[in-house]
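Asker: Would you be able to build a 3D model of this:
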Amino acid sequence: MWSAAYGLIALAVVAFVVLYAALHTPDLASVNLADQLYHAKKRLADNLTSLPRTGNPAYFVVGSGNLVKVRVVNATASGGAFPVQLPIGYKLRGGDSNLLYELYLNVTSCGSVSLQGGAAVMLYFVELRHSLSQLPWLEVYAAVPRDAAQYYSWLRSYYTAWGRPPAVGLDPRVGADVDAGLVDYVKVEWALVYDAASDMTILYAAAPPSAPYILVVDYPLAIPLACPPRS
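Answerer: Just a heads-up that it's a prediction; the model follows:
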């Protein structure tokens with residue numbers, strides 16, 4: 001009889017422990033790297049045009065936080081010359097849950113190159129660093145004006161009206177590229193070459209010479225990059 005009683009007591013203790021453990025064990029959320037990476041990039045994409053901009057190359061290298069490196073250069077239209085901002089580098093950092101994503105892009109130079117068929121392209125040399133072992137989800141497009149004279153006249157009219165240099169490809173208030181429909185986005189050939197000595201990847205992109213900038217798409221983040229002016 002006592003053994004039966006002890007058995008019932010032991011069973012009750014085990015049931016209590018199991019129930020207590022079930023009620024107090026935290027739910028462990030599943031880790032989905034692809035979803036977290038997408039949301040981190042989407043947050044960057046949503047805030048890309050409002051990021052601080054700098055023309056100081058030294059600050060771009062050492063500065064912390066999200067940042068756009070720009071150069072102000074003169075463009076020409078039928079009404080004369082006017083300044084525009086060209087985005088030529090980015091330091092981007094975004095996160096979601098337990099994932100932190102960092103991306104560094106910097107156009108070091110551009111050069112005119114003739115292809116085998118005789119066509120000329122503008123070859124972009126872009127330094128690329130990223131914090132994850134997975135390569136960025138890359139596509140590259142060139143922004144090609146349908147009518148170059150009309151495109152730059154539109155930008156000049158913006159500068160005349162607002163009195164400040166428009167940011168080519170970056171500022172949504174300009175609207176010449178998308179809203180006014182003056183630019184076509186054409187997919188271009190590109191290649192990534194890893195340099196083990198510098199732990200850096202070089203992105204090569206071949207764009208038509210008439211394109212004022214390229215779009216590097218690390219889905220869903222689309223990053224406009226222009227050629228730096230020749231010194």
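Asker: could you list every residue that touches L86?
Answerer: Neighbour list for L86: 70-73, 167-168, 212-213, 226-229 [criterion: C-beta atoms under 8 Å, 6 or more residues apart in numbering]. Where C-beta positions appear, they are placed from N, C-alpha and C, glycine not excepted.
Asker: out of everything not next to it in sequence, what's closest to it?
Answerer: Spatial nearest neighbour of L86, chain neighbours left out: A226 (3.7 Å); criterion: C-beta to C-beta, 6 or more residues apart in numbering.
Asker: Quick check: the gap between the one you found and I88.
Answerer: According to C-beta to C-beta, to the nearest Å, A226 and I88 sit 6 Å apart.
Asker: Just the closest of the contacts of L86 to V144, please.
Answerer: P212 (8.7 Å; C-beta to C-beta).
Asker: Next one: the closest one from K187, what distance?
Answerer: Taking C-beta to C-beta as the measure, P212 falls 17 Å from K187.
Asker: Would you mind telling me which of these two has more residues around it?
Answerer: P212 (23 against 11; other C-beta atoms under 10 Å).
Asker: so who does the more buried one touch?
Answerer: Counting by C-beta under 8 Å, 6+ apart, P212 touches 86, 143, 145, 151, 168-169, 226.
Asker: Which of those residues lies at the shortest distance from N47?
Answerer: For these, the residue nearest N47 by C-beta to C-beta is G169; the value is 16.2 Å.
Asker: ok, that closest one touching A226?
Answerer: Yes - the pair G169 and A226 qualifies as a contact (C-beta atoms under 8 Å) at a distance of 7.0 Å.
Asker: which neighbours do those two share?
Answerer: Shared contacts of G169 and A226, counting by C-beta under 8 Å, 6+ apart, come down to 87, 212-213.
Asker: any chance of these in a markdown table, with secondary structure too?
Answerer: As requested, these are exported to a markdown table (DSSP: H, G, I helix; E, B strand; the rest coil):
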| residue | secondary structure |
| --- | --- |
| P87 | strand |
| P212 | coil |
| Y213 | strand |
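Asker: In JSON lines: those residues, plus distance to A120 and pLDDT.
Answerer: Formatted as JSON lines, the shared contacts of G169 and A226 follow (distance: C-beta to C-beta, whole Å; pLDDT from 0 to 100):
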{"residue": "P87", "distance to A120": "24", "pLDDT": "96"}
{"residue": "P212", "distance to A120": "16", "pLDDT": "94"}
{"residue": "Y213", "distance to A120": "17", "pLDDT": "96"}
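Asker: Mind checking what helix or strand follows the helix or strand of the chain with the lowest mean pLDDT in sequence?
Answerer: One helix or strand of the chain scores below all others by mean pLDDT, DSSP states H and E: helix 2-24, with a mean of 48. For helix 2-24, the following helix or strand on the C-terminal side (DSSP states H and E) is helix 33-47.
Asker: what's in contact with that following helix?
Answerer: With C-beta under 8 Å, 6+ apart, helix 33-47 has contacts from 66, 92-101, 103, 132, 134, 218-222.
Asker: can you give me the helices for the protein?
Answerer: Along the chain, counting by DSSP state H, helices occupy 2-24, 33-47, 57-62, 148-162.
Asker: What are the buried residues along the second one?
Answerer: For helix 33-47, the neighbour count (16 or more other C-beta atoms under 10 Å) marks 36-41, 43-45 as buried.
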